[in-house]
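**Student:** Have a look at this fold, sequence not included:
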């Protein structure tokens, strides 16, 4: 039997029927059928409140839309944060009208000319990823007769230790190498652009508070050095995020209070050139992952060579990450439960598999669960980030999962 990750605290102590946002799983399914994502807004609100309390006063909190762009959830989050970070023209369209354009920033390599045009017209900040992108953005702004809001995304010369996805300290498609960043800043200022500062991102999905503290300190030092080299103080320094959540057995929650205390000290002793700069952290997964539950119904129960398979009506086309096919080197189990038997002891070892014609479609690998029969519902937790929008929903022609926001 293989272990599962920890069920989020908001659901872990429940017994009997799973309750999400004040309604049972069965009630949500009656309203929406399966497969179904349910996002509990109260969990997101609590995460944001905890973050605000832990972080230094005045630190901006940005939401990374790519983590979960569900329209109703996005509309609820927008007024609770200081900025929205997008990665495509499609996400730009999703955030239109939810917040002031000046509070939106656009990152990501390979921005097309039409995307640059749309961002400049809208008045959002473009985080430039290369000299070539800068050239195209400046040309677009001149053609449109608009002063562009441009920041420089830096490929930092440090990496976030222990992160699930390292994005600094190496050759990268993301950002301008640190040794070239100051020259690009000077070029933007000389061209008359509205230079908005630096965006620095060293990694993601880190559970080691010490590593994040170390990286934030190095990021602040780098921002100061680049500002000195450019001879200009950055209006904003986006320190990135990287805050992880405990998906797997043995994972422990991140100590955000320790991170906040250390960042408060670091900002208090920052160098003079950063004295008037604003600072932000950009989080997606940490804010929304634990708020989501994916509900999928058992269609068939079968045995093969002595193993039990629970075949469900969902799968990796909705939950690629839970299947272990979204960048995970070693496949491990997300936390699962039988939705009407929360807290019950495991009766058997089973494999929970999806409805797709591929052996990759496995949502639970040799996990211990209470006995489940066709018609019962399996709940997969930590489904609030990189679920529906990060999965191959068109694969094999199955319909998309429904999504609802529990208020």
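**Tutor:** Everything's here; your move. Note that the coordinates shown come from a computational prediction; the quantities given were computed from them, not determined experimentally.
**Student:** Three-state assignment for the nearest residue to residue 308 once chain neighbours are set aside, please.
**Tutor:** Spatial nearest neighbour of residue 308, excluding adjacent residues (C-beta to C-beta, 6 or more residues apart in numbering): residue 350 at 4.5 Å. In short, each C-beta sits where N, CA and C put it, glycine included. The three-state label given to residue 350 by DSSP: H, G, I helix; E, B strand; the rest coil is strand.
**Student:** Write down the beta-bridge partners of residue 350, one by one.
**Tutor:** residue 308, residue 367 (DSSP bridges).
**Student:** What's the local residue count around it?
**Tutor:** 26 (other C-beta atoms under 10 Å).
**Student:** Does residue 287 touch residue 63 like I think?
**Tutor:** Yes - between residue 287 and residue 63 there is a contact at 6.3 Å, judged by C-beta atoms under 8 Å.
**Student:** for the stretch 51-200 of the chain, what spans make up the strands?
**Tutor:** Along the stretch 51-200 of the chain, counting by DSSP state E, counting those that start in this stretch, strands occupy 60-64, 83-86, 104-106, 125-128, 149-155, 165-166, 176-177, 194-200.
**Student:** which of the ones you listed has the lowest average pLDDT?
**Tutor:** Among these, strand 165-166 carries the lowest mean pLDDT, a mean of 50.
**Student:** Tell me who's in contact with residue 280.
**Tutor:** Shown in contact with residue 280 (C-beta atoms under 8 Å, 6 or more residues apart in numbering): 59-62, 82-83, 236-239.
**Student:** Kindly recompute the last result at 6 Å.
**Tutor:** Counting by C-beta atoms under 6 Å, 6 or more residues apart in numbering, residue 280 touches 60, 62, 238.
**Student:** May I ask which of these has the most neighbours?
**Tutor:** residue 238 (30 neighbours).
**Student:** Show me the beta-bridge partners of that one.
**Tutor:** With DSSP bridges as the rule, residue 238 is bridged to residue 199, residue 280.
**Student:** okay, now the domains of the protein?
**Tutor:** 9-39+289-406, 69-283 (automatic domain parsing).
**Student:** Identify whichever of these lies nearest to residue 49.
**Tutor:** When the domains of the chain are compared by C-beta to C-beta, domain 69-283 sits nearest residue 49, at 8.7 Å.
**Student:** Rank the helices and strands of the protein by mean pLDDT and give me the bottom one.
**Tutor:** Least confident element among the helices and strands of the chain, by mean pLDDT, DSSP states H and E: strand 165-166 (a mean of 50).
**Student:** re earlier: residue 293: which of the contacts of residue 280 is nearest?
**Tutor:** Set against residue 293, the nearest of those by C-beta to C-beta is residue 62 (25.2 Å).
**Student:** list the contacts for that closest one?
**Tutor:** For residue 62, the contact set (C-beta under 6 Å, 6+ apart) comprises 83, 85, 280, 282.
**Student:** who wins for most neighbours among the residues you listed?
**Tutor:** Busiest of these [other C-beta under 10 Å] is residue 85, holding 31 neighbours.
**Student:** Residues contacting the helix of greatest length in the chain, please?
**Tutor:** Determined from DSSP state H, the single longest helix within the chain is helix 209-230. Outside of helix 209-230, the residues within contact range by C-beta under 6 Å, 6+ apart are 156, 158, 160-162, 181-182, 185-186, 198, 200, 202, 206, 233-234, 237, 239, 242, 255, 258-259, 262-263, 266, 271, 273-274.
**Student:** Could you turn the buried ones of these into a ChimeraX selection?
**Tutor:** To isolate the buried ones among these in ChimeraX, judged by 16 or more other C-beta atoms under 10 Å, type:
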select :156,158,160,161,162,181,182,185,198,200,202,206,233,234,237,239,242,255,259,262,263,266,273,274
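**Student:** re earlier: against residue 268, how distant is the residue nearest to residue 308?
**Tutor:** Residue 350 sits 53 Å away from residue 268, taking C-beta to C-beta, to the nearest Å as the criterion.
**Student:** Okay, and the nearest residue to residue 47 once chain neighbours are set aside sits in which element?
**Tutor:** Counting by C-beta to C-beta, 6+ apart, residue 287 is the residue found nearest to residue 47 once chain neighbours are left out, at 5.0 Å. Residue 287 belongs to helix 285-288 when assigned by DSSP states H and E.
**Student:** ok, back up a step: compute the number of surrounding residues for the residue nearest to residue 47.
**Tutor:** Residues lying near residue 287 (other C-beta under 10 Å) number 27.
**Student:** Tell me the pLDDT of it.
**Tutor:** pLDDT, residue 287: 98.
**Student:** pretty sure residue 288 is in contact with residue 385, am I right?
**Tutor:** Yes - with contact defined as C-beta atoms under 6 Å, residue 288 counts as touching residue 385 (5.1 Å).
**Student:** List the residue ranges of the protein that fall below the pLDDT cut-off.
**Tutor:** Counting by pLDDT under 70, the chain has low-confidence residues at 158-170, 329.
**Student:** secondary structure class for residue 253?
**Tutor:** Residue 253 - assigned by three-state DSSP - is coil.
**Student:** if we can go back for a sec, and the angle for the longest helix of the chain with strand 149-155?
**Tutor:** Here helix 209-230 runs at an angle of 120 degrees relative to strand 149-155 (axes from the mean of the first three to the mean of the last three C-alpha atoms, to 10 degrees).
**Student:** buried set for helix 209-230?
**Tutor:** In helix 209-230, counting by 16+ other C-beta under 10 Å, buried: 209, 211-213, 215-220, 222-227, 230.
**Student:** what do you get for stretch 125-135?
**Tutor:** By 16+ other C-beta under 10 Å, the buried positions in stretch 125-135 come out as 125-130, 133-134.
**Student:** biggest separation within those residues, which pair?
**Tutor:** 125 and 130, at 16.3 Å, using C-beta to C-beta across the buried residues of stretch 125-135.
**Student:** And for the helix holding residue 287, what's in contact with it?
**Tutor:** 44, 47, 67-68, 243, 245, 384-385.
**Student:** Can you spell out which helices and strands pack onto the strand ranked longest in the chain?
**Tutor:** Determined from DSSP state E, the single longest strand within the chain is strand 292-304. Contacts defined by 3 or more C-beta pairs under 6 Å, 6 or more residues apart in numbering; DSSP states H and E place strand 292-304 against strand 36-40, strand 307-312, strand 377-380.
**Student:** any chance of the ones you listed in JSON lines, plus mean neighbour count and distance to residue 327?
**Tutor:** Putting those into JSON lines (neighbours: other C-beta atoms under 10 Å; distance: least, C-beta to C-beta, whole Å) gives the following:
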{"stretch": "strand 36-40", "mean neighbour count": "25", "distance to residue 327": "20"}
{"stretch": "strand 307-312", "mean neighbour count": "19", "distance to residue 327": "23"}
{"stretch": "strand 377-380", "mean neighbour count": "25", "distance to residue 327": "18"}
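**Student:** That's all I had, so thanks and see you.
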